[in-house]
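Enquirer: Sequence and predicted model, in that order:
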Amino acid sequence: MSAAGPPQGAKAPSGGSAAHKVASVGATYIGRFAPSPTGPLHAGSLVAALASWLDARAQGGKWLVRMEDVDTTRCLAGMDLVILQQLATCGLRSDQPVVYQTQRTHLYQVALDRLIASGHAYPCACSRKDIEQVLLRSGQTKPRHGELIYPGTCRTGLQGRSPRAWRMRVSDEALQWTDRRLGAQQQNVAAEVGDFILKRADGCHAYQLAVVVDDAAQGVTDVVRGEDLADNTARQILLQRALGLPSPRYLHTPLVLGADGSKLSKQNGAQALDLSDPLAALNLAAAALALPPYAGGISDALVTWVARWALLRHIKGNHQAT
Ligand SMILES: [Zn+2]
């Protein structure tokens, strides 16, 4: 993924004030925070949660929480409740009942069936070892984020082998979109990712498919999430287009780095949020979003930051962005 010059379509408001824009968008704005219950929230995930909540509130919209537990092999029992408690301690509560991906697999299968029927999805018989061997023979052994770029072995059929998974057929072209904070972005999914998985060999629907189906089903207009997830955007836009679904606007928030400079994540053992002083945790998250510290109560802090958020540059000018 790379920047692609000046933002396209990120026009300045035409004559109206930011307040006018917020009012006009507010009627339909739906945002979401979508944690995976694989561990408690850490300092980095609170930044994304706070940003998505502030963005929804600043535009008079709804804020939804969705548990991204589609990959059941990674989820921990009861962690959903831990996360919801962490959010509530910080004054962040979903405006609608929390949705769980594990209860929605039928919707993902319906979407996959549509992609199969339209020729976008095809079965793949390759194991990881098969893929490694093909890549080794062609001299392309460099993994991307630990993932191998699928060489397209099964694009033209299984050659008598048994299907294991389903993949998305992607075309070799640069997809362009505008991120509200990062500006113009582009990615050639075929070159950088390859035909990606829609349903895994273990029967789990892939994260990308589940997210796209859920965002559309919940009417999400604005995805505000951590920059570590920005790399998924192109794949999700491709899926939205293939399924005839609208694309939400995207805003990826700054990452919070650990003391060693690596990004905080549950995978690398980032510590759970210390919520013994919730306002201190919120102030740290606010600082990552260029919001001033607040001394007082949590609810007053949130109200203050909503007003400040509405004035930030990436909020004011980007709602015509496509
Ligand atoms: Zn294959």
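Expert: Alright, I've got the coordinates. Numbers count the residues shown, from 1 in each chain.
Enquirer: tell me, how many neighbours does residue 104 end up with?
Expert: The number of residues packed near residue 104 is 17, by other Cβ atoms under 10 Å. In short, each C-beta sits where N, CA and C put it, glycine included.
Enquirer: what do you get for residue 299?
Expert: Neighbour tally, residue 299, other Cβ under 10 Å: 9.
Enquirer: Look at the residue nearest to it when sequence neighbours are not counted and tell me its secondary structure.
Expert: Take residue 299 and drop its neighbours on the chain: the residue closest to it by Cβ to Cβ, 6 or more residues apart in numbering is residue 91, 5.8 Å away. Here residue 91 is coil, with the state taken from DSSP: H, G, I helix; E, B strand; the rest coil.
Enquirer: since we're on residue 91, how many residues are nearby?
Expert: Residues lying near residue 91 (other Cβ under 10 Å) number 18.
Enquirer: One more: residue 58?
Expert: 22.
Enquirer: pLDDT wise, what is it at?
Expert: On the pLDDT scale, residue 58 is placed at 94.
Enquirer: Likewise for the one 10 residues further on?
Expert: For residue 68, the model assigns a pLDDT of 96.
Enquirer: before we move on, what about residue 49?
Expert: 98.
Enquirer: is the residue lying closest to it once chain neighbours are set aside in a bridge, and if so with what?
Expert: Closest residue to residue 49 in three dimensions, ignoring its sequence neighbours and counting by Cβ to Cβ, 6+ apart: residue 33, at 4.7 Å. When bridges are called by DSSP bridges, residue 33 pairs up with residue 65.
Enquirer: how far away is residue 33 from residue 279?
Expert: 19 Å (Cβ to Cβ, to the nearest Å).
Enquirer: Of these two, give the one with the bigger neighbour count.
Expert: residue 33 (24 against 19).
Enquirer: which residues does that one contact?
Expert: 48, 49, 52, 53, 63, 64, 65, 66, 87, 92, 225 (Cβ atoms under 8 Å, 6 or more residues apart in numbering).
Enquirer: Throw these into CSV and include distance to the ion and neighbour count, thanks.
Expert: CSV is the format used below for these (distance: Cβ to the ion, whole Å; neighbours: other Cβ atoms under 10 Å):
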residue, distance to the ion, neighbour count
48, 34, 28
49, 37, 28
52, 36, 25
53, 41, 27
63, 40, 22
64, 36, 23
65, 36, 23
66, 31, 22
87, 40, 23
92, 42, 22
225, 30, 25
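Enquirer: Who's the closest spatial neighbour of the closest residue to the ion within the stretch 151-300 of the chain, skipping the chain neighbours?
Expert: Closest contact between the stretch 151-300 of the chain and the ion, by Cβ to the ion, is at residue 154 (3.2 Å). With Cβ to Cβ, 6+ apart as the criterion, residue 154 has its nearest non-adjacent residue at 4.4 Å, and that residue is residue 124.
Enquirer: Return the backbone torsion pair for the residue nearest to residue 299.
Expert: phi 80, psi 20 (degrees, to the nearest 10).
Enquirer: Surely it is in contact with residue 298?
Expert: Yes - contact criterion Cβ atoms under 8 Å: residue 91 and residue 298 qualify, at 4.6 Å.
Enquirer: Need the overlap of contacts for those two.
Expert: With Cβ under 8 Å, 6+ apart, residue 91 and residue 298 have common neighbours 278, 282.
Enquirer: Excluding sequence neighbours, find me the nearest residue to residue 239.
Expert: residue 212 (4.3 Å).
Enquirer: counting contacts, what elements does the helix or strand containing that neighbour pack onto?
Expert: If you go by DSSP states H and E, residue 212 is part of helix 207-217. If contacts are counted by 3 or more Cβ pairs under 8 Å, 6 or more residues apart in numbering; DSSP states H and E, helix 207-217 sits against helix 105-117, strand 197-199, helix 233-242.
Enquirer: Quick check: next helix or strand after that helix?
Expert: Assigned by DSSP H and E, the successor of helix 207-217 is strand 222-226.
Enquirer: tell me the contacts of residue 123?
Expert: 154, 158, 163, 164, 165, 166, 167.
Enquirer: List of residues touching the helix holding residue 212?
Expert: 32, 34, 66, 68, 70-71, 99, 101, 104, 107-108, 111-112, 168, 196-199, 220, 223, 232, 235-236, 239-240, 243, 245-246, 248.
Enquirer: Helix 233-242 and that helix, what's the angle between them?
Expert: Interaxial angle of helix 207-217 relative to helix 233-242 (axes from the mean of the first three to the mean of the last three Cα atoms, to 10 degrees): 60 degrees.
Enquirer: CA atoms only for helix 207-217 - export them in PDB, please.
Expert: Taking Å, rounded to 0.1, in the frame of the first residue of the first chain, the C-alpha atoms of helix 207-217 are listed here in PDB:
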ATOM      1  CA  TYR A 207     -11.900 -12.000   8.400                       C
ATOM      2  CA  GLN A 208     -12.100  -9.900   5.300                       C
ATOM      3  CA  LEU A 209     -15.400 -11.400   4.100                       C
ATOM      4  CA  ALA A 210     -17.000 -11.200   7.600                       C
ATOM      5  CA  VAL A 211     -16.000  -7.500   8.100                       C
ATOM      6  CA  VAL A 212     -17.400  -6.500   4.700                       C
ATOM      7  CA  VAL A 213     -20.700  -8.300   5.200                       C
ATOM      8  CA  ASP A 214     -21.100  -7.000   8.700                       C
ATOM      9  CA  ASP A 215     -20.200  -3.400   7.800                       C
ATOM     10  CA  ALA A 216     -22.900  -3.400   5.100                       C
ATOM     11  CA  ALA A 217     -25.500  -5.200   7.200                       C
END
